[in-house]
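A.B. asks: Could you work out the structure for the sequence below:
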Amino acid sequence: MNSDLEKLIDLQKVDSRIAAVRAEIAALPKHVKEIEAKLAGAKAKVEAAQAAMKADETARRKHEGDIQDQQQKISKYRDQSLNVKTNQEYKALMEEIKFADEKIAASEDKILEIMVAADARKEVMKAAEAELKADTAENDQEKEVARRRTAEDEKELAELTDQRKALRAGVSEDVLRHYDRVLKLRGTGLAAVYEDQYCSACRVMLRPQVFQEVMTNQQFMTCDFCNRILYYVPPPPKPEEAKAGSEAASSGPPAAESSSEAAPETTTPAHGEAAAQ
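C.D. replies: Numbering: from 1, shown residues only. Next comes the predicted model:
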């Protein structure tokens with residue numbers, strides 16, 4: 001394979017990884033904000049539960065104050081009833097006492113409702129505090145993970161940047177200009193071509209002559225449609241071919257046969273037998 005083309009393939013891998021790392025670094029602050037928003041929601045639930053309980057307490061005290069006021073009125077009306085001179089005045093005072101009693105009963109009913117609701121609010125408060133505690137722990141953990149991941153990404157990004165510089169230094173400027181232009185426009189500068197003869201990026205079929213030249217991987221060929229630099233990826237060996245090659249490699253050259261097996265055994269006639277013949 002052409003050395004520049006080989007370096008460009010490696011360069012594209014590095015550029016793709018750089019883009020992925022940068023995207024992750026950019027996404028981490030957003031992830032942290034989502035975590036903080038979730039924590040803020042848990043805090044809001046606790047604050048809402050606290051506010052509801054505080055409002056109930058304020059309402060209960062108000063009703064208790066109203067009861068005291070009505071009780072004082074009743075006491076006052078009873079004292080006044082001792083000094084009334086007519087039945088009409090006495091009846092009016094009894095009506096006021098009755099009205100005050102009704103107000104006391106209504107306030108007591110309200111207090112009872114608040115007390116019943118208080119148990120439910122305590123459960124809501126308990127659940128909200130538990131959620132806040134869990135979300136706070138998760139928030140701290142996620143932030144630590146995000147900080148650690150950011151540090152790792154920044155370290156990897158620095159290493160990738162060095163690799164990128166080294167790879168670019170070994171490629172001709174004209175080829176780099178073309179690669180950079182297509183990379184900026186398309187997102188990738190190269191595209192693989194397989195046996196189907198299509199550009200793997202834009203899925204346009206190559207002309208037969210172009211495909212034959214691409215198969216050599218010795219010169220820079222570009223896609224007529226997307227303008228990416230093309231390189232050929234040969235198909236993997238078939239299972240039977242891979243098996244045959246593996247067996248051939250493992251068996252090695254055949255061992256030399258012994259001299260007794262390589263040639264048929266010959267017997268030299270004895271001196272007597274030769275003379276007899």
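
A.B. asks: for the stretch 51-200 of the chain, what spans make up the helices?
C.D. replies: 87-169, 173-186 (DSSP state H, counting those that start in this stretch).

A.B. asks: Burial check on residue 158, number of neighbours?
C.D. replies: Using other C-beta atoms under 10 Å, residue 158 has 10 neighbouring residues. In short, each C-beta sits where N, CA and C put it, glycine included.

A.B. asks: Distance of it relative to residue 3?
C.D. replies: According to C-beta to C-beta, to the nearest Å, residue 158 stands 26 Å off from residue 3.

A.B. asks: and if you look at residue 228?
C.D. replies: When residue 228 is compared with residue 3 (using C-beta to C-beta), they lie 19 Å apart.

A.B. asks: Which one's more surrounded, the two?
C.D. replies: residue 228 (26 against 9).

A.B. asks: how's the protein carved up into domains?
C.D. replies: Using automatic domain parsing, the domain ranges for the chain come out as 3-169, 173-232.

A.B. asks: Quick one: mean pLDDT for the longest one?
C.D. replies: Per-residue pLDDT over domain 3-169 has a mean of 90.

A.B. asks: before we move on, back to that, please identify the most buried of the domains of the chain.
C.D. replies: Burial of the domains of the chain is given as mean neighbour count (mean count of other C-beta atoms under 10 Å); domain 173-232 ranks first at a mean of 16.

A.B. asks: Let me see the contact set for residue 194.
C.D. replies: Residue 194 makes contact with 200, 232-233, 235, according to C-beta atoms under 8 Å, 6 or more residues apart in numbering.

A.B. asks: quick one: it and residue 26, what's the gap?
C.D. replies: 33 Å.

A.B. asks: ok, now residue 16?
C.D. replies: 16 Å.

A.B. asks: Once you drop chain neighbours, what's closest to residue 191?
C.D. replies: Nearest residue to residue 191 in three dimensions, chain neighbours excluded: residue 201, at 3.7 Å (C-beta to C-beta, 6 or more residues apart in numbering).

A.B. asks: Residue 124 too?
C.D. replies: Counting by C-beta to C-beta, 6+ apart, the residue nearest residue 124 is residue 49, at 5.1 Å.

A.B. asks: what's the helix or strand for that neighbour?
C.D. replies: Applying DSSP states H and E as the criterion places residue 49 in helix 3-81.

A.B. asks: The residue nearest to residue 191 - that's part of a strand, no?
C.D. replies: No: read with DSSP: H, G, I helix; E, B strand; the rest coil, residue 201 is coil and lies in no strand.

A.B. asks: quick revisit: help me confirm that the residue nearest to residue 124 comes into contact with residue 130.
C.D. replies: No: the pair residue 49 and residue 130 does not pass the contact test of C-beta atoms under 8 Å, sitting 11.5 Å apart.

A.B. asks: ranges for the strands of the stretch 151-277 of the chain?
C.D. replies: Using DSSP state E, counting those that start in this stretch, the strands of the stretch 151-277 of the chain run over residues 190-193, 221-222, 229-232.

A.B. asks: Adding distance to residue 69 and mean pLDDT, write these out as TSV.
C.D. replies: Converted to TSV, the strands of the stretch 151-277 of the chain look like this (distance: least, C-beta to C-beta, whole Å; pLDDT from 0 to 100):
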stretch	distance to residue 69	mean pLDDT
strand 190-193	87	97
strand 221-222	93	95
strand 229-232	91	97
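
A.B. asks: quick one: which of those strands is nearest residue 67?
C.D. replies: Among these, strand 190-193 comes nearest to residue 67, with 84.9 Å by C-beta to C-beta.

A.B. asks: And that closest one, what does it pack against?
C.D. replies: helix 3-81, helix 208-216, strand 229-232 (3 or more C-beta pairs under 8 Å, 6 or more residues apart in numbering; DSSP states H and E).

A.B. asks: Kindly reformat the ones you listed as CSV containing distance to residue 183.
C.D. replies: Formatted as CSV, the helices and strands packed on strand 190-193 follow (distance: least, C-beta to C-beta, whole Å):
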stretch, distance to residue 183
helix 3-81, 7
helix 208-216, 19
strand 229-232, 10
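
A.B. asks: Identify whichever of these lies nearest to residue 175.
C.D. replies: helix 3-81 (5.8 Å).

A.B. asks: Which elements pack onto that closest one?
C.D. replies: helix 87-169, helix 173-186, strand 190-193, strand 229-232.

A.B. asks: For those, give me CSV that also has distance to residue 205.
C.D. replies: Formatted as CSV, the helices and strands packed on helix 3-81 follow (distance: least, C-beta to C-beta, whole Å):
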stretch, distance to residue 205
helix 87-169, 30
helix 173-186, 18
strand 190-193, 10
strand 229-232, 12
